[in-house]
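Student: Provided below for reference: sequence and predicted model.
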Protein chains: 6
Amino acid sequence: MSNARITLVNPNSLIKVTEAIERAVAPFQRLPLEFRFLTSADGPAGIQTQAEADASIAPMAQLFLREAATTDAFVVACFSDPGLHGLRDLVSAPVLGIGECSVLTAMSMATRIGVIAIAGASIPRHLRYFRAMGVAERICGELALDMKVSDLADAELAFQRMVTVGKTLRDVHGADVLIMGCAGMADLRKRLEDECRLPVVEPTQAAVAMAAGRLFGRGG
Amino acid sequence: MSNARITLVNPNSLIKVTEAIERAVAPFQRLPLEFRFLTSADGPAGIQTQAEADASIAPMAQLFLREAATTDAFVVACFSDPGLHGLRDLVSAPVLGIGECSVLTAMSMATRIGVIAIAGASIPRHLRYFRAMGVAERICGELALDMKVSDLADAELAFQRMVTVGKTLRDVHGADVLIMGCAGMADLRKRLEDECRLPVVEPTQAAVAMAAGRLFGRGG
Amino acid sequence: MSNARITLVNPNSLIKVTEAIERAVAPFQRLPLEFRFLTSADGPAGIQTQAEADASIAPMAQLFLREAATTDAFVVACFSDPGLHGLRDLVSAPVLGIGECSVLTAMSMATRIGVIAIAGASIPRHLRYFRAMGVAERICGELALDMKVSDLADAELAFQRMVTVGKTLRDVHGADVLIMGCAGMADLRKRLEDECRLPVVEPTQAAVAMAAGRLFGRGG
Amino acid sequence: MSNARITLVNPNSLIKVTEAIERAVAPFQRLPLEFRFLTSADGPAGIQTQAEADASIAPMAQLFLREAATTDAFVVACFSDPGLHGLRDLVSAPVLGIGECSVLTAMSMATRIGVIAIAGASIPRHLRYFRAMGVAERICGELALDMKVSDLADAELAFQRMVTVGKTLRDVHGADVLIMGCAGMADLRKRLEDECRLPVVEPTQAAVAMAAGRLFGRGG
Amino acid sequence: MSNARITLVNPNSLIKVTEAIERAVAPFQRLPLEFRFLTSADGPAGIQTQAEADASIAPMAQLFLREAATTDAFVVACFSDPGLHGLRDLVSAPVLGIGECSVLTAMSMATRIGVIAIAGASIPRHLRYFRAMGVAERICGELALDMKVSDLADAELAFQRMVTVGKTLRDVHGADVLIMGCAGMADLRKRLEDECRLPVVEPTQAAVAMAAGRLFGRGG
Amino acid sequence: MSNARITLVNPNSLIKVTEAIERAVAPFQRLPLEFRFLTSADGPAGIQTQAEADASIAPMAQLFLREAATTDAFVVACFSDPGLHGLRDLVSAPVLGIGECSVLTAMSMATRIGVIAIAGASIPRHLRYFRAMGVAERICGELALDMKVSDLADAELAFQRMVTVGKTLRDVHGADVLIMGCAGMADLRKRLEDECRLPVVEPTQAAVAMAAGRLFGRGG
């Protein structure tokens, strides 16, 4: 029996982000699973506004249909989970969203969840999503780095800002677990935990873990 | 000074639905406003699943960008308000959704709101949306006709089923106001009110009223 | 056919407030509607406490009964909507409250709503009301000017304080739309929007817009 | 030191109801407290609609002001607690509402609370009130006897209907405690408990207990 | 007929705390009731973490079973109400928790409740409890003294810190009533009210008041 | 490097239940993990009431302390997750509860979750727990088999009753995913899915999947 295959789709067109997603999954590579990492070439160059999130859905739907026959579980690898429920209508395999999975995972770790967003413009969208999920009362605060996705290349700058935001969520908002509200920052997770002295959920890892659970739980 | 212009977009490709939307707006034609009714020719043939709702966004976004220069307010004329928040990112004119406006209007009329859906498959999507809006506790029940959009041509059959569902929402769920959870059924509103002896909100009319209010309130 | 008539009732006895309410409605005067502005001469001199709000109901009920025969829609023109649901029991015409309508209108504009109250004493009452309405999770903050209603005569002083409060709601509480939590301040709306760079809902205008929508939607 | 005095006010003008309220308090007469029972002679003849509840406030406010000097705690003896928050603005003594106290008391007894209303017309008002109190999720159901207040004279008929409604709340809605949603039915409490095999909260008794607690807790 | 007996159980093993609980009940001693104060000798030395709260349940259950035959109502005298619902399964007498009763009592006094916790580590546990109770939206804030239970011996130090926290809850979080989130601090209540100019609920007194109400309401 | 070890603890003393828990984990045995299955010999013989759930905590805490040195993740294998938060205070390894994990997993699968309980007496406890978790609005209904744990030996009888309850949750309450609200019934999951035509979450499998995710995500 061949290994089950998990297809992760980066809904934006930045290959650098896809590569960072792949690095996030590294710890799971020792599992008897096959991972595939796709970039949605026709997606937007980044997803900050709701319009960009929505624009990413149609090209992603094409990718899903194309890969459905050879995929056992899909992961939408953007924190806003664009199109998540609709993609579930399109394919029979489980479809996991990294935003949803990161919140659910954090809920199993501590009572009050703080979210570190990249851009302030994303916060109302996330808020609507947390409410739609029915978990808004678990989120004690969400604060933005207010840095451009492109600037995240300067990992050290992003990291220092992330630490500041994480400590504010901890000390002012009472967070006892943090979520990185963006794909592609897994490299910083361990250091962020050390600096903030709080557990940190990296969304792609949360989703891969839940996808693996779904597959093995089924005897996959 | 010329009249302000409201552009209503039917996100599915059925011209018959657009025509029904136009009839819904008839009572407002005596206002000093200009109305335009567009069919999203590249949209899906109907919107029941989340995938269909999502698929309607991209072509609608093109229409919005094309019409933005000559539009003072947009109305997304599908009860699921596909793309509503993202379309607000794209154009500077107000964008109203008939789903959102129908709920807000019903909230100004009575305490417990019952929703009549066309298809059961839409109910989880509506539920997520009511939660995202933060109004789920006002909805005392939503029940489906479980008829296809295409079958709505037989208005009499649809109407009788609608009356049955409306009375159940009233008697079992306690609704004191009803919302028609679909565009294009305005012709039946008055009769439904008479049969159910409850006020009934027709979504397109609710949205046009709120769009007009936005324009006149601004001195439009 | 004569135009439909909307009767706005100021539940306090200050004619100056009624005049400001009339100015708020000016942009709607080009609609085929007739507006009437009444002062509840036996009402309290101002409404800040719950006791004052309650004391305004009985005289207002008399006014409503007296005017019912010649009114197509009523507007209760105080942000606390005193007696709103009970007045709906008394007359058959629609009764709109400016508090309720301002919140519903703001909900169609943005995700997080900030409210500017005149007096801190009103905030617990408003909070109970937002909860009763089922919309409390949409209100990201309410802050008071802490100025007396009588001091609002010094419009410039009130305005500067309002700007400060509005900016705090925006920057600290995350508001992306503001509501003026009081009747009679429409003259300041445009300037407040410009200073705060956020849309601002004026409650009387929101209610007149929704009242007009109800009347035209009915073929009125 | 003389005993503390609790003034109970029946906001409707029916002396028969005041007498029943007095009987409800009988078990507390052995406490070192003085009880006084007032009928609001200018109040409405009964309180079913919101308009009737509102109409009862102004005459009750007069009573409160008149009795304030000789009262240590007030009880508003109508399940809808008309004017409760405003009356607290008028007098310095604690003001308890029998509706509020009955819900709070039931919350200390069991998880899911069922409410037996007299009239269906009261249910939306109660629902708004439970939401304003922030306790709506504790109420698993409210059902009405659909009998007139005047018909309650036929205690046996009322009782049988009450048993039926109580059992439905228990078996269909999951109630594990019941509230009698009206003043003046204390005589039936014990029998209702026996028939439904559930604890039953009588609102006047709940309020007197909490009023006594407030007074003794203060060294009263 | 002999007086009804209320048994208060301190779930931790500190006799000093039991003595403070006894002092809290002093104002109720003039009621025709008998009070008994028990220390759970096998309980933990203090209850700050959830593990300590849980560890207190088993020895308390033994005490309850031993005292059930001679007790008319029990009070669990720890703000976290350890084992409350389970203890209700064990004995037929009413079991009241001082945490639950303090919140319910505060809800009858004002709209926004602030809670003063001893230790920050308790706050997530309290938050889960307020949510389980369905009252979380009434709590506008909870802040900790961040002092050890043992340090409370220095009542003056604790008191000054309590005043600071109480004023922050009032001025920053909008509290209009405060709860002392711990047993054994009744001696400080009156002074805290005077300093903060807000009503203060002492949990043991709130529970004894509600227990007395339950007993007298039953003719006890 | 040796495999990470997950210790599952059955908090009741029935070895038959522990064996069923072990069978539930079978599909995960191909992962590079070591599983250990412990029975809490001093726990109650079954857990239906809150008192039984609470009584299971103290012996389980002993087990946890004893096994902490050789365990990388713990699973509390009872749907009520007795002591979950307190056990997290006792050991540094992750502690997962099968109740919490089953709800979180179901939330990643569909919008409306139905729960099949063994005993009606458990439902209020579960309800308090769902509220404490902040997810109550995702649970569209919970219904009980009303069979004793001991009777579950007759798997076929239990299964037929489970199918009936599952279909009621689907058709009357709108569930689109089901949770088996008890440990030890994994053998029936696949058949239940087939009969009800809905996905079914088995709690132990959900928890093992999330525990594995936590361990691998850490590079475990």
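Tutor: That came in fine, so what should we check first?
Student: for the one helix or strand A:A61 maps to, packing partners?
Tutor: Here A:A61, judged by DSSP states H and E, is contained in helix A:57-67. Helices and strands touching helix A:57-67, as assessed by 3 or more Cβ pairs under 8 Å, 6 or more residues apart in numbering or on different chains; DSSP states H and E, comprise strand A:4-10, strand A:33-39, strand A:73-76, helix A:84-90, helix B:50-55, helix B:57-67. All C-beta spots, glycine's among them, are computed from the backbone N, C-alpha and C.
Student: Pick the most deeply packed of those.
Tutor: strand A:73-76 (a mean of 28; mean count of other Cβ atoms under 10 Å in any protein chain shown).
Student: just to revisit the earlier point, identify the residues contacting the helix holding A:A61?
Tutor: A:7, A:9, A:11, A:36, A:38, A:40-43, A:74, A:76, A:82-83, A:86-87, A:90-91, A:95, B:51, B:54-55, B:57-58 (Cβ atoms under 8 Å, 6 or more residues apart in numbering or on different chains).
Student: can you give me the strands in chain A?
Tutor: Secondary structure of chain A (DSSP state E): strands at A:4-10, A:33-39, A:73-76, A:95-97, A:113-117, A:139-144, A:177-181, A:200-201.
Student: mind giving me the domain ranges of chain A?
Tutor: Per automatic domain parsing, the domain ranges recorded for chain A read A:4-98+A:205-217, A:100-201.
Student: tell me the contacts of the residue in chain A that chain C sits nearest to?
Tutor: Going by Cβ to the nearest Cβ, chain C is nearest to A:P124 of chain A, at 3.8 Å. Applying Cβ under 8 Å, 6+ apart, one finds that A:P124 lies in contact with B:H85, C:A110, C:T111, C:R112, C:G174, C:D176.
Student: Can you verify my assumption that the fifth one contacts C:I113?
Tutor: In other words, C:G174. No - applying Cβ atoms under 8 Å as the test, C:G174 and C:I113 come out as separate, 10.1 Å apart.
Student: Number of residues surrounding A:M133?
Tutor: 25 (other Cβ atoms under 10 Å in any protein chain shown).
Student: wait, I meant A:G217
Tutor: Neighbour number of A:G217 under other Cβ under 10 Å is 23.
Student: wait, what's in contact with the closest residue to it other than its chain neighbours?
Tutor: Excluding the flanking residues, the one nearest A:G217 by Cβ to Cβ, 6 or more residues apart in numbering or on different chains is F:Q205, at 4.3 Å. Contacts for F:Q205 (Cβ under 8 Å, 6+ apart) come out as A:G213, A:G217, F:A24, F:V25, F:P27, F:F28, F:A186, F:R189.
Student: Looking at the residues you listed, spot the one nearest chain E.
Tutor: So of those, ranked by how close each gets to chain E (Cβ to the nearest Cβ), first place is A:G213, at 24.9 Å.
Student: Run through the residues that contact the nearest residue to the closest one once chain neighbours are set aside.
Tutor: Sequence neighbours aside, F:A209 is the residue nearest to A:G213 in space, at 2.3 Å (criterion: Cβ to Cβ, 6+ apart). Listed by Cβ under 8 Å, 6+ apart, the contact partners of F:A209 are A:A209, A:M210, A:A212, A:G213, A:R214, A:F216, A:G217, F:F28, F:C101, F:T105.
Student: Adding pLDDT, write these out as CSV.
Tutor: Shown next, in CSV, are the contacts of F:A209 (pLDDT from 0 to 100):
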residue, pLDDT
A:A209, 94
A:M210, 96
A:A212, 93
A:G213, 91
A:R214, 92
A:F216, 87
A:G217, 78
F:F28, 94
F:C101, 98
F:T105, 98
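Student: which among the residues you listed gets closest to chain B?
Tutor: F:T105 (17.3 Å).
Student: and that closest one, how many neighbours?
Tutor: Residues near F:T105, counting by other Cβ under 10 Å: 27.
Student: That one reaches F:A206, doesn't it?
Tutor: Yes - in this structure F:T105 lies within contact range of F:A206 using Cβ under 8 Å: 4.0 Å.
Student: Overlap of the contact sets of the two?
Tutor: A:G213.
Student: Distance of A:F79 relative to chain E?
Tutor: Using Cβ to the nearest Cβ, to the nearest Å, A:F79 is found at 25 Å from chain E.
Student: for A:G99, same thing?
Tutor: Taking Cβ to the nearest Cβ, one finds A:G99 at 23 Å from chain E.
Student: can you redo the strands of chain A as TSV with mean pLDDT?
Tutor: Shown next, in TSV, are these (pLDDT from 0 to 100):
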stretch	mean pLDDT
strand A:4-10	97
strand A:33-39	97
strand A:73-76	98
strand A:95-97	98
strand A:113-117	97
strand A:139-144	97
strand A:177-181	97
strand A:200-201	97
